[in-house]
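Asker: Got a sequence here, can you model it:
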Amino acid sequence: MTEVSRLAIKYQLTRIEAEELLALLQDTRNQNFTYSSELSSYITDNNLGNLYPNISGIVHMKQEIDEWDFKGGFNKKTYAIICKELNLKNKNSGAQAIGFTPYSDL
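Answerer: Numbering: from 1, shown residues only. Model (predicted):
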């Protein structure tokens, strides 16, 4: 079984999502990120949205009455997988993701 197939089955992903996820994990494992925000910055700073257009994109965030768009983010399912696989933490800001648009839709 290929690594793509393993990820697709384990996390119930489409083949393209699993392919992009595997590439992202392989590309970033050696970066030694601690926080998910570091990964998002890495994606936007290096214009990597075109490499992962189906799993990365813009997350619409909300905290109390404030709302904003966060570039280089992931949908909730993919975010949880990436944090688990790369052992990433979030900064517990209290902000919540309320929407997601993949780069492939922009």
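
Asker: Quick check: D105 vs G57, distance?
Answerer: 7 Å (C-beta to C-beta, to the nearest Å). (Glycine included, C-beta is placed from N, CA and C.)

Asker: For the spatially most central residue of the chain, what are phi and psi?
Answerer: Among the residues of the chain, the one closest to the centroid is F74, at 3.6 Å (C-alpha atoms, centre = their mean). Backbone torsions for F74, taken as degrees, to the nearest 10, come to phi -140, psi 160.

Asker: Over to N90?
Answerer: Note on N90: backbone dihedrals following degrees, to the nearest 10 are phi -110, psi 170.

Asker: isn't it right up against K76?
Answerer: No. Using C-beta atoms under 8 Å, N90 is not in contact with K76, being 11.9 Å away.

Asker: re earlier: the more surrounded of D105 and G57?
Answerer: Each of D105 and G57 has its neighbours counted (other C-beta atoms under 10 Å); G57 has more, 24 against 10.

Asker: Next SSE downstream of the strand or helix carrying L22?
Answerer: Element membership for L22, per DSSP states H and E: helix 15-28. On the C-terminal side of helix 15-28, the nearest following helix or strand under DSSP H and E is helix 36-45.
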